[in-house]
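1. The sequence and its predicted three-dimensional model are supplied below.
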Amino acid sequence: MTHVRVLSQAPRVVGSPEMVSTANYLVETLRTYGLDAEIQESPSAKGTLHNVIARIPGRDQSRALLILTHPDSVSFGAGDNASGVAVLLETARALQTGAQPRSDIILLFDDGEEEDYLGGYAFAQSHPWMKEIQCVIGLDTAAWGPVVLVQTTLGNGNLVRFYASSVPDPAAFGFFADAVTLSQTETEIKPFNERDLPGLELEDPTAFSGKHSADDSIEHVRPGSMQQMGEQTLALARSFGDRYRAQAFVGDLSYFTLWPIGVIHYPVYWNILLVSLAGIGLVILIGVGIKRKAIIGRTIALSFTSLLLVILLAGLAGLGSNALFSLLFPSPNPSVSKYLNLASLPFLLLDLIAVILIYLAIRKRLVGRWGASVVSLGGMLIWLLFAVVLLAALPVGNYILSIPLLVAVLAHFLPEKWKIAALIPAAIATILFAPNLVLTFLGTGMVMLALVNILVILNVELWAAVR
């Protein structure tokens, strides 16, 4: 917090005297830790960049881990990103007090991140240390909420295994990271990802309304967020040489944190197998039901269509609720579109309660007309549809649908006396959905309310199928 207080006295814009003072402060601080820090000056269209660079020598100096964070800001920037700078400084200090790391650790405080990663590009394009770097860790903001693994580069297998085996209290959810990639959200590691260096990004994604404004002050910085990022960063730095395995190409893994077990991960192509098995199982269930004249194909189709229409309307309701929220509670900061305020959570809960009650009421009428089995199978078909779509859109994050779907289909094969087993897929879906829904809300406020509504209703469908 002392570093945050010193750094956040004034905006730190590229080429400004404040940025020069910040660079000098970082160099002086690193030198007190016994590190030979230097300033890399580079011209840019926005002014002279002042990157601060230091290297912690390891036993094997032929390979290195790069950890970077940006000290520049468009405002006082206590959270974005004096907090990340403080974490990297403390990581450097802590690394000097323990055993020598196996591999070199390169520290980069890159100027101009707020101007499309100018400092990162300057280092990546010209610094001779680039040839030894095998992995990159980006740190951006640890101030207002939980810090999570927000992004991994393609071919994430080694990265996920490295993170899972190193971090004591992991917070990694592939659905969230996959969505960041799909939306083309750029992070600190972008200049290095473009040069095919594998990397991961740790960040607090909370939609703080004061970001990039004078409200981004030390009073709003939560030390717990920095502590969480610091513990993860230090663990990754210390274990890099022993646990990270660089290879030419490693496929993607689906992954999610399951407390207290840790990070569960498996090859992405398993999701294709899970969804395929679920699809085959559904075809068998429907075929057997029709053959026994227990169900009629037409009613299955009507049930599927009706429930799908209601779920899509729930998504549209989310869009409308977001528009209404923006009208009733306009953002206090015009530079951010994703924000939270005191009304956010009550508004979200009211929206969810409304769509859940409406969905259950409509579903009850459908059950009364066509029967519980028909409606449940229609609901499974909707799950299958969304799972297939998600295979293409979010292959890493597909686990949130493929795992519960297969378990739900298998539960339908059980004898009538075991139908209570339908609780299991509903509970699994809740466990997998919950952290991603919380992160979506914290990271986007009401902007993604349509997605939140759809996922919640999908989960409600599994619970409603229990009888």
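-> In hand now; what should we look at? Keep in mind that this is a model prediction, so the values were computed, not measured.
2. which ones are touching V396?
-> 156, 174-175, 177-178, 252-255, 268 (CB atoms under 8 Å, 6 or more residues apart in numbering). Just so you know, the C-beta spots here come from the backbone N, C-alpha and C atoms, and that holds for glycine as well.
3. Please list the members of those residues that lie in strands.
-> Residues of the contacts of V396 located in strands (DSSP state E): 253-255.
4. which one of those is nearest L273?
-> S254 (11.6 Å; CB to CB).
5. Alpha carbons of stretch 178-189, as PDB, please.
-> The C-alpha trace of stretch 178-189 is given here as PDB (Å, rounded to 0.1, in the frame of the first residue of the first chain):
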ATOM      1  CA  ASP A 178     -12.600 -18.200 -23.300                       C
ATOM      2  CA  ALA A 179     -15.200 -15.400 -23.300                       C
ATOM      3  CA  VAL A 180     -12.400 -12.800 -23.000                       C
ATOM      4  CA  THR A 181     -10.700 -14.300 -26.100                       C
ATOM      5  CA  LEU A 182     -13.900 -14.500 -28.000                       C
ATOM      6  CA  SER A 183     -14.700 -10.800 -27.400                       C
ATOM      7  CA  GLN A 184     -11.100  -9.900 -28.500                       C
ATOM      8  CA  THR A 185     -10.500  -8.100 -25.200                       C
ATOM      9  CA  GLU A 186      -6.900  -7.100 -25.200                       C
ATOM     10  CA  THR A 187      -4.600  -7.600 -22.100                       C
ATOM     11  CA  GLU A 188      -1.100  -6.800 -21.000                       C
ATOM     12  CA  ILE A 189       0.300  -9.900 -22.800                       C
END
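6. Next, the buried residues of it.
-> By 16 or more other CB atoms under 10 Å, the buried positions in stretch 178-189 come out as 178-181, 187-189.
7. go on, stretch 310-319?
-> Using 16+ other CB under 10 Å as the test for burial, stretch 310-319 gives 310-311, 313-315, 317-318.
8. Between all of those residues, which two are separated the most?
-> Across the buried residues of stretch 310-319, the longest distance by CB to CB is 13.1 Å; it joins V310 and G318.
9. Can you list the residue ranges for strands in this structure?
-> If DSSP E is used as the criterion, the strands of the chain fall at 38-42, 49-56, 60-69, 103-109, 133-140, 148-152, 199-203, 253-258, 262-267.
10. Minimum distance to A122: which of those has it?
-> strand 38-42 (4.0 Å).
11. returning to that earlier point: export the strands of the chain as a markdown table, with columns for distance to A361.
-> Output for those, formatted as a markdown table (distance: least, CB to CB, whole Å):
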| stretch | distance to A361 |
| --- | --- |
| strand 38-42 | 62 |
| strand 49-56 | 60 |
| strand 60-69 | 50 |
| strand 103-109 | 56 |
| strand 133-140 | 44 |
| strand 148-152 | 36 |
| strand 199-203 | 40 |
| strand 253-258 | 32 |
| strand 262-267 | 36 |
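12. For those strands, give me TSV that also has distance to G224, mean neighbour count and mean pLDDT.
-> Listed next are these as TSV, based on distance: least, CB to CB, whole Å; neighbours: other CB atoms under 10 Å; pLDDT from 0 to 100:
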stretch	distance to G224	mean neighbour count	mean pLDDT
strand 38-42	32	16	96
strand 49-56	26	24	97
strand 60-69	18	21	92
strand 103-109	23	25	97
strand 133-140	16	24	96
strand 148-152	14	26	93
strand 199-203	15	25	95
strand 253-258	18	22	96
strand 262-267	21	17	96
